[in-house]
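# Predicted model and sequence follow; I will ask about them next.
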Amino acid sequence: MRQNLTALNIKKLTSCGSDWETNEYTILNKVKEWQHYLHRNKLFPSIEESIQLNLSLEDILRENIESKLWFDNEIRSRKLNERFIVYEKAHQIGNQIDKLFNFIDWALKLNKPVLDEGRIIKNFVEENLFVKRISTIERNYNGKGYFTLPNNESQSLNIYLYEIILDWSEENLYQRITSNLVRSIPYNLIEKSIEEIVIDFINYSQSLYEPVIYIFETELDFPFKETIFPIAEEKLLKHLSC
């Protein structure tokens with residue numbers, strides 16, 4: 001199970017009239033939390049939350065840039081009888097927008113090292129996580145198949161049944177993968193090759209017709225649940241989508 005980190009309420013943190021000092025403290029604590037896990041090579045869900053923070057802040061920035069442009073064009077000081085009439089409310093709104101922009105700029109810069117470190121860890125794991133198909137069948141049976149993944153933390157070989165799920169979102173088709181652990185074998189009990197073990201298991205213990213079988217190999221002993229496993233799922237999904 002992944003770490004249960006509390007997601008940031010970006011809308012609340014960027015609402016007009018916010019206590020910007022308190023909001024900065026909230027963001028700072030969350031970034032420190034992400035960095036704490038990344039320094040221990042625990043990638044998920046910290047990197048997901050960090051990416052989501054960036055995307056949300058960038059969306060809010062785009063939305064408010066349009067508001068700022070409209071504000072600057074439509075609500076200004078007006079010259080009347082040789083005097084400038086300044087609308088107090090207009091200045092308050094302008095000040096809030098400026099504070100919002102400053103806050104977003106600060107938060108994006110603060111979050112950048114998290115994204116950079118997360119990408120470095122992820123790229124390193126992907127480069128040292130190798131996948132190969134050992135079955136003669138190339139296509140999934142009803143989107144299902146098997147893969148093995150070594151857990152070097154616990155010194156065990158895990159066998160998973162995976163399924164590719166198709167989701168529609170805004171007229172776009174997306175694929176996602178779900179995996180269920182069906183067997184875990186301690187390394188000290190392994191007497192055959194991984195290929196032989198998984199084929200024997202599938203021949204005697206599974207109900208799929210000629211399933212696709214993939215094997216992952218890695219020497220890394222990074223945190224399994226927070227790093228190795230989610231990256232393996234993502235890499236397999238990309239492999240199957242090619």
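Thanks, I have it.
# Now Tyr160. Nearest residue, chain neighbours left out?
In this structure, Tyr160 finds its nearest non-sequential neighbour in Ser179, 4.4 Å apart by CB to CB, 6 or more residues apart in numbering. For every residue, glycine as well, the C-beta is placed using N, CA and C.
# Does the one you found lie in a helix or a strand, and which?
Assigned by DSSP states H and E, Ser179 belongs to strand 172-186.
# how distant is that strand from the center of its chain?
17 Å (CA atoms, centre = their mean, to the nearest Å).
# For the residue nearest to Tyr160, which residues are in contact?
Phe147, Tyr160, Leu161, Tyr162, Glu163, Glu233 (CB atoms under 8 Å, 6 or more residues apart in numbering).
# Check it and give its pLDDT.
At Ser179, the model reports a pLDDT of 96.
# buried residues in the longest helix anywhere in the chain?
Identified as the longest helix of the chain according to DSSP state H is helix 88-127. Across helix 88-127, burial judged by 16 or more other CB atoms under 10 Å covers 93-94, 96-97, 99-100, 103-104, 107, 110-111, 114-115, 117-118, 121-122, 125.
# ok, now stretch 135-155?
Buried-residue list, stretch 135-155, by 16+ other CB under 10 Å: Ser135, Gly143, Lys144, Gly145, Tyr146, Phe147, Thr148, Leu149, Pro150, Asn151.
# for these, which one is nearest Tyr204?
Nearest to Tyr204 among the buried residues of stretch 135-155 is Tyr146, at 13.1 Å by CB to CB.
# Verify the assumption that that closest one is located in a helix.
No - per DSSP: H, G, I helix; E, B strand; the rest coil, Tyr146 lies outside any helix segment and is strand.
# Report the contact partners of it.
Tyr146 neighbours (CB under 8 Å, 6+ apart): 159-162, 182, 198, 202, 206, 208, 211-214.
# for the residues you listed, which one is nearest Lys32?
Tyr160 (33.8 Å).
# you'd agree the closest one is up against Leu149?
Yes - under the criterion of CB atoms under 8 Å, Tyr160 makes contact with Leu149 at 6.7 Å.
# how would you label Leu166: helix, strand or coil?
strand.
# so where's this structure uncertain?
Residues of the chain meeting the criterion pLDDT under 70: 1-17, 65-94, 138-141, 169-170, 206-209.
# Show me where it has its strands.
78-80, 83-85, 130-133, 144-151, 156-169, 172-186, 212-217 (DSSP state E).
# okay, the ones you listed in a markdown table with distance to Glu49 next?
Formatted as a markdown table, the strands of the chain follow (distance: least, CB to CB, whole Å):
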| stretch | distance to Glu49 |
| --- | --- |
| strand 78-80 | 46 |
| strand 83-85 | 47 |
| strand 130-133 | 27 |
| strand 144-151 | 24 |
| strand 156-169 | 20 |
| strand 172-186 | 18 |
| strand 212-217 | 26 |
